[in-house]
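Trainee: After the sequence you'll find the predicted model.
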Amino acid sequence: MPAVFLVVLILGLPLNILSLWIFYHRLRRWTRSSVLLFNLALADTFWLLALPVLIYYHLDHVRWGLGRPLCKAMRLFYHNYFYLSIYFVACISVDRYLAIVHPLRSLVLLGRRQTYLLCVTVWVVTVALSSPVVNMSTTQLCPRDNRTICTLYLLLENTVETMPYSLCCTCTGFLFPLVSICYCCLRSLKELRSRPHHPHRHNRGRRLRRVLSAVLILFALFYLPYHLTRNAAIILRMVYPNDPTSWRSVDMAFSLEMCLCSLNTCINPLFSCFVGRQFRKEFLDTFCSLCHKRPRPGVVTTSQLPKQGQGTMGHGMNVVTPL
């Protein structure tokens, strides 16, 4: 786990910080997708900044010496991040669905003000959903080697609280977003296939179909096994309360799923590149500038374009940058 977390930290933190910098400094006009993708990158960055604590904890042979309050805060933060990522990916899928299937109605249903309100709601809901973790997470003393550990709530032997809570999170935090993403992706794919053939639109439609299919596959690949192994770990503790050897295999599977889900922080910036056309252009230009110390020949970045009211654009004309 510390090896995987370290790789995720090295790869994911620069990518997400670069994404936040592009959102803040290079995108002059934010669309609905830009707002949602910015919040997704912000959630990834917060989690990555807290990841060194878990790396140190596992490198120190699972020995927690930072106190019970920080243990509770870390478990809350870890649990909250998963559902922040899930909900924002679901919101982005709904946004793409509205833009493809109901382009005119989407301007009313999900305007800029509604998008900001939706992001605030997602942060509040996920914190409320994860708040019981504070009461269920604690530090425990292992009598065999006299070391203190910071326990996950699902590893507690008392399953009276953990089982209902885990099932509640699975239904509201995973199954409901999964159904929403499935409907939005499949409905969008159907709409794209039914459109008349045009060379330029065909290439763009094919790219959108690949992105939507990848979102659905990756979402299920990351989070379905995670929730299955988490619930299985609790169920085995209910069925075999006095047989710890029966828990080990599923506990190991859940640990592997925690590592797998953490890779999501490295994939989300690439997901932003595929969803947002203007973000993709700025990301590639900035990345090439960092690698080669100068922009690519023949590539003009948005910072080099004439500003509103200058050059050939004419006074009072707005520059609209579509996704």
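Mentor: Okay, I see it.
Trainee: Show the residue spans covered by the helices in this protein.
Mentor: For the chain, the helices defined by DSSP state H occupy 2-21, 32-59, 68-101, 103-109, 112-130, 132-136, 159-170, 176-194, 199-239, 248-262, 264-275, 277-292.
Trainee: roughly how far apart are the spatially most central residue of the chain and Phe271?
Mentor: Taking C-alpha atoms, centre = their mean, the centroid of the chain lies closest to Ser85, which sits 2.9 Å from it. Counting by C-beta to C-beta, to the nearest Å, the separation of Ser85 from Phe271 is 11 Å. The C-beta positions use only the backbone N, C-alpha and C, and glycine is treated the same way.
Trainee: For the residue nearest to Leu118 when sequence neighbours are not counted, grab the count of nearby residues.
Mentor: For Leu118, ignoring the flanking residues on the chain, the nearest one in space by C-beta to C-beta, 6 or more residues apart in numbering is Cys91 at 6.2 Å. Counted by other C-beta atoms under 10 Å, the residues lying close to Cys91 total 27.
Trainee: Tell me if I'm right that the residue nearest to the centre of the chain and Leu263 touch.
Mentor: No: contact criterion C-beta atoms under 8 Å: Ser85 and Leu263 do not qualify, at 11.5 Å.
Trainee: need the contact list for Val250.
Mentor: Thr229, Ala232, Ala233, Leu236 (C-beta atoms under 8 Å, 6 or more residues apart in numbering).
Trainee: Next one: it from Val122, what distance?
Mentor: Distance from Val250 to Val122, by C-beta to C-beta: 30 Å.
Trainee: same thing with Tyr87?
Mentor: In terms of C-beta to C-beta, Tyr87 sits 5 Å off from Val122.
Trainee: Which one of those two is surrounded by more residues?
Mentor: Applying other C-beta under 10 Å to Tyr87 and Val122 shows that Tyr87 carries more neighbours, namely 26 against 21.
Trainee: And the pLDDT at that one?
Mentor: Per-residue confidence (pLDDT) for Tyr87: 93.
Trainee: Verify the stated contact: it with Val127.
Mentor: No: look at Tyr87 against Val127 with C-beta under 8 Å: they stay out of range, at 11.4 Å.
Trainee: list the contacts for Leu98?
Mentor: Contact analysis of Leu98 by C-beta under 8 Å, 6+ apart lists Arg105, Ser106, Leu109, Leu110.
Trainee: try Leu20
Mentor: Phe38, Ala41, Leu42, Thr45.
Trainee: ok so, going back, residue contacts, the residue nearest to the centre of the chain?
Mentor: Contacts for Ser85 were tallied using C-beta under 8 Å, 6+ apart; they are Leu40, Ala43, Asp44, Asn264, Asn268.
Trainee: Repeat the analysis, applying 6 Å as the threshold.
Mentor: By C-beta atoms under 6 Å, 6 or more residues apart in numbering, Ser85 lies in contact with Asn264.
Trainee: List the residues that contact the nearest residue to Cys71 once chain neighbours are set aside.
Mentor: Leaving aside its sequence neighbours, Cys71 sits nearest to Cys150 (C-beta to C-beta, 6+ apart; 3.9 Å). Taking C-beta under 6 Å, 6+ apart, we find Cys150 in contact with Trp64, Cys71, Thr139.
Trainee: Does Ser180 touch Cys91 like I think?
Mentor: No: in this structure, Ser180 is not within contact of Cys91 by C-beta atoms under 6 Å, at 9.0 Å.
Trainee: could you point out where the stretch 101-250 of the chain is predicted with low confidence?
Mentor: 196-205 (pLDDT under 70).
Trainee: ok so, going back, of all the helices of the chain, which lies closest to Arg144?
Mentor: Smallest distance to Arg144 across the helices of the chain (C-beta to C-beta): 16.0 Å, for helix 248-262.
Trainee: And stretch 171-191, how far out from the chain middle?
Mentor: 16 Å (C-alpha atoms, centre = their mean, to the nearest Å).
Trainee: which residues touch that stretch?
Mentor: With C-beta under 6 Å, 6+ apart, stretch 171-191 has contacts from 83, 86, 90, 93-94, 96-97, 100-101, 129, 209, 212, 216, 219, 223, 227.
Trainee: Show me the two of those residues that sit farthest apart.
Mentor: Largest separation among those by C-beta to C-beta: Leu129 and Arg209, giving 32.3 Å.
Trainee: More neighbours: which of these two?
Mentor: Leu129 (19 against 15).
Trainee: what sits against the more buried one?
Mentor: So Leu129 contacts Tyr83, Gly173 (C-beta under 6 Å, 6+ apart).
Trainee: same thing but 10 Å
Mentor: Residues near Leu129 by C-beta atoms under 10 Å, 6 or more residues apart in numbering: His79, Asn80, Tyr83, Leu84, Tyr87, Tyr165, Cys168, Cys169, Thr172, Gly173.
Trainee: Switch the residues you listed over to a markdown table; also include distance to Ile55.
Mentor: As requested, the contacts of Leu129 are exported to a markdown table (distance: C-beta to C-beta, whole Å):
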| residue | distance to Ile55 |
| --- | --- |
| His79 | 18 |
| Asn80 | 19 |
| Tyr83 | 22 |
| Leu84 | 21 |
| Tyr87 | 26 |
| Tyr165 | 27 |
| Cys168 | 30 |
| Cys169 | 25 |
| Thr172 | 30 |
| Gly173 | 25 |
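Trainee: Nice, that's everything, thank you.
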